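Visitor: Just to be clear, the model below is a prediction. Sequence and coordinates:
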Amino acid sequence: MGSLTVRNLSEDVKKRLRLLAAANGRSMEEEIRLLLAAGAAEAPVAAQANARPAKPVPSEAAASQILLIIGGGIAAYKSLDLIRRLRERAIAVRVVMTRAAQQFVTPMSVGAIAGERAFTELFDPASELDVGHIRLARDNDLIVVAPATADLMAKMANGHADDLASAVLLATDSQVLLAPAMNPRMWGNTATQRNLARLTADGIVTVGPNAGEMAESGEAGAGRMAEPLEIVAAVEALLAPQAKPLAGKRIVITAGPTHEAIDPVRYIANRSSGKQGYAIARAAAAAGAAVTLVSGPVALPAPSGVTTVQVESARDMLRAVEAALPVDVGVFAAAVADWRVAQAGEQKLKKDGSGPPKLALTENPDILATVAKLKAKRPTLVIGFAAETEKVIEHAKAKLKRKGCDWIVANDVSAEGGAMGGDDNAVHLITASGVESWPTQTKDGVARQLAARIGGFFSRA
Ligand code: C5P
């Protein structure tokens with residue numbers, strides 16, 4: 001049914017359909033869908049000349065319609081699974097493939113899984129008659145680009161339109177979700193990061209890339225396309241009717257480690273990835289908050305719709321947090337270094353034969369405690385994190401008191417927990433009224449639950 005195209009009809013029927021579609025201001029495909037839908041419902045098929053153009057019925061009565069653009073990368077094979085996963089959830093998928101994508105997967109296999117043919121050409125008279133690139137750009141609830149290659153991102157960032165994929169992306173006003181996938185050096189290249197920043201500023205959202213092994217042997221780092229189920233989760237979040245429980249609220253969030261200089265080239269740091277703090281920033285922004293994310297050095301893309309301030313040291317982080325006040329909520333997820341070198345070398349310390357240098361340490365400011373104890377400008381809700389390796393709840397409760405915050409999100413960061421640097425987290429929320437132990441879930445899941453909980457706090461206040 002999804003594979004029915006105008007080309008399969010007789011010339012006579014096509015002619016009548018063309019006239020009918022023109023009279024109703026619809027495309028032929030739309031006209032056929034409406035006729036079929038009306039026929040199936042045993043309603044009289046009465047096309048009315050001069051009727052208002054109707055919004056097309058999404059194909060196969062699916063809840064939502066996605067346009068998936070497959071770029072040319074080895075990760076394209078995962079896009080087949082992505083199509084299957086989306087269709088399992090009653091999300092209809094129409095596919096555009098770039099020329100390079102067809103080097104990795106064929107339009108035939110994509111068409112078979114999507115249930116309708118894949119579109120590949122900008123100048124294809126049959127396609128233009130059937131749907132056309134403008135209709136491809138418009139008739140969807142969301143456009144997903146997976147894999148989004150460095151080249152496709154560069155074309156998008158610069159508004160190119162020399163093939164079907166880029167023309168559709170330029171012509172659309174739908175939300176666009178990118179799942180970037182490329183070699184880690186291409187991802188890290190200044191040009192790609194510049195394009196990413198431009199796309200993010202344009203309101204385009206991303207999922208991934210993840211870090212790990214690359215297809216090329218010996219290559220590893222950030223650049224693997226997000227797994228199909230991660231992309232599905234991002235799609236579902238974007239398609240869900242947007243509740244905005246944090247609309248009108250200002251939130252400052254700290255994330256990542258801090259780097260404390262020993263000399264101009266060496267520093268003290270820790271293993272924090274920043275993933276949990278970044279996830280909270282994304283969830284809070286999605287919930288409608290105005291978010292300032294103060295981030296230590298991490299290898300994560302700046303979340304879209306969030307003001308991100310990059311810092312190095314604990315003292316820089318404190319300054320940036322203070323500059324973001326007043327806010328309604330402070331979430332302190334950063335793994336701030338407790339100590340810094342009292343006197344960092346102005347020049348690189350030399351091995352001069354007199355043995356290792358003696359590094360005197362001094363305490364860093366406690367950002368959470370400083371903000372929690374402010375008289376003026378204290379946020380209404382101050383939330384700390386407690387990463388513990390033993391007696392998690394007991395230690396976290398003590399920390400809540402000591403630091404003067406309102407809530408503590410406590411998690412087990414012992415090696416067995418896998419939270420440090422991993423994608424999942426099992427946390428306990430400690431408040432004045434008790435302890436809630438949340439199920440193990442992704443860091444995005446924890447972030448969404450926390451954003452919802454903060455929303456609940458203000459709605460009850
Ligand atoms: O004392 P500990 O590092 O375990 O406390 C964790 C909580 O305190 C986290 O919320 C962390 O972001 C915050 N913290 C801070 N400044 C520091 C140390 C910790 O904001 N210097």
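Guide: Ah, there it is. Just so we're clear, the structure is a prediction, and the values are computed from it rather than from any experiment.
Visitor: Now for Arg135, how many residues are close by?
Guide: Counted by other CB atoms under 10 Å, the residues lying close to Arg135 total 19. For glycine as for every other residue, the C-beta is placed from the backbone atoms N, C-alpha and C.
Visitor: now Glu116
Guide: The burial metric for Glu116, expressed as a neighbour count using other CB under 10 Å, is 19.
Visitor: tell me the SS of it?
Guide: Per DSSP: H, G, I helix; E, B strand; the rest coil, the secondary structure class of Glu116 is coil.
Visitor: contacting residues for Ala118?
Guide: Residues in contact with Ala118, defined by CB atoms under 8 Å, 6 or more residues apart in numbering, are 70, 95-97, 107, 110-111.
Visitor: And Ala100, by the same measure?
Guide: Contacts for Ala100 were tallied using CB under 8 Å, 6+ apart; they are 71-73, 149, 151.
Visitor: Could you find the lowest-pLDDT member of these?
Guide: The member of the contacts of Ala100 with the lowest pLDDT is Gly73, and it reads 94.
Visitor: Can you add distance to Ala284 and give the contacts of Ala100 back as TSV?
Guide: Converted to TSV, the contacts of Ala100 look like this (distance: CB to CB, whole Å):
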residue	distance to Ala284
Gly71	30
Gly72	35
Gly73	32
Thr149	30
Asp151	33
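Visitor: Any chance of a PyMOL selection covering the buried ones in these?
Guide: The following PyMOL command selects only the buried members of these, with burial defined by 16 or more other CB atoms under 10 Å:
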select buried, resi 71+72+73+149+151
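Visitor: Out of the contacts of Ala118, name the ones that lie in helices.
Guide: Of the contacts of Ala118, the ones assigned to helices by DSSP state H are 107, 110-111.
Visitor: Now list the buried members of those.
Guide: Neighbour counting with 16+ other CB under 10 Å marks 107, 110-111 as buried within the ones in helices among the contacts of Ala118.
Visitor: Spell out which parts of the protein neighbour the ligand.
Guide: Along the chain, the residues adjacent to the ligand under the rule CB under 6 Å from any ligand atom are 254, 314, 332-334, 336, 338, 364, 366-368, 384-386, 399.
Visitor: Among those, find me the one that's closest to Cys405.
Guide: Gly384 (4.3 Å; CB to CB).
Visitor: ok, Met97 touching Glu121?
Guide: No: under the criterion of CB atoms under 8 Å, Met97 is not in contact with Glu121, lying 9.9 Å apart.
Visitor: quick one, which of the two is more surrounded?
Guide: Set side by side, Met97 and Glu121 show unequal neighbour counts under other CB under 10 Å, the larger going to Met97 at 26 against 15.
Visitor: distance of the more buried one from the ligand?
Guide: 45 Å (CB to the nearest ligand atom, to the nearest Å).
Visitor: same thing with Gln347?
Guide: In this structure, Gln347 and the ligand are 27 Å apart, going by CB to the nearest ligand atom.
Visitor: Around that residue, how many other residues sit close by?
Guide: When neighbours are defined as other CB under 10 Å, Gln347 has 8 of them.
Visitor: Isn't it up against Pro264?
Guide: Yes: using CB under 8 Å, Gln347 makes contact with Pro264 at a distance of 7.0 Å.
Visitor: Helix or strand: which one has Met153?
Guide: Under the criterion DSSP states H and E, the helix or strand holding Met153 is helix 150-158.
Visitor: Same check on Glu236?
Guide: helix 228-239.
Visitor: From the chain's centroid, how far away is that helix?
Guide: Between the centre of helix 228-239 and the centre of its chain there are 9 Å (CA atoms, centre = their mean, to the nearest Å).
Visitor: what's next to that helix, contact-wise?
Guide: Against helix 228-239 from outside (CB under 8 Å, 6+ apart): 64, 66, 78-79, 81-82, 85-86, 89, 91, 141-142, 144, 146, 175, 177, 179, 205, 207-208, 210, 226, 286, 442, 444.
Visitor: where does the stretch 151-300 of the chain have low pLDDT?
Guide: When residues are selected by pLDDT under 70, those of the stretch 151-300 of the chain lie in 242.
Visitor: ok, now with 50
Guide: Regions of the stretch 151-300 of the chain meeting the criterion pLDDT under 50 are absent.
Visitor: And the helices in it, which stretches?
Guide: Counting by DSSP state H, counting those that start in this stretch, residue ranges of the helices within the stretch 151-300 of the chain are 164-171, 184-188, 190-201, 228-239, 275-286.
Visitor: Quickly list what Leu293 is bridged to.
Guide: Partner residues in beta bridges with Leu293, using DSSP bridges, are Ile253, Thr308.
Visitor: What is the burial count for it?
Guide: Per other CB under 10 Å, the neighbour tally for Leu293 reads 29.
Visitor: I am assuming it contacts Ser304, so please confirm or correct that.
Guide: No: with contacts counted by CB under 8 Å, Leu293 stays clear of Ser304, the gap being 11.3 Å.
Visitor: Just the buried residues of stretch 257-268, please?
Guide: For stretch 257-268, the neighbour count (16+ other CB under 10 Å) marks 257-263, 267-268 as buried.
Visitor: Not counting that stretch itself, show me its contacts.
Guide: Applying CB under 8 Å, 6+ apart, the set of residues contacting stretch 257-268 is 269-272, 274, 296-298, 311-314, 316-317, 334-337, 339-341, 344-349, 359, 364.
Visitor: Strands - which of the residues you listed land there?
Guide: Per DSSP state E, strands hold the following members of the contacts of stretch 257-268: 339-341.
Visitor: what is the rounded mean pLDDT of the biggest helix by length in the chain?
Guide: As far as residue count goes, and with DSSP H defining each element, the longest helix of the chain is helix 443-460. Averaging the model's pLDDT scores along helix 443-460 yields 90.
Visitor: For Ala148, see how far away the spatially closest residue to Arg117 that is not a sequence neighbour is.
Guide: When the adjacent residues along the chain are set aside, Arg117 lies closest to Gly111, with 4.5 Å between them (CB to CB, 6 or more residues apart in numbering). In this view, Gly111 and Ala148 are 21 Å apart by CB to CB, to the nearest Å.
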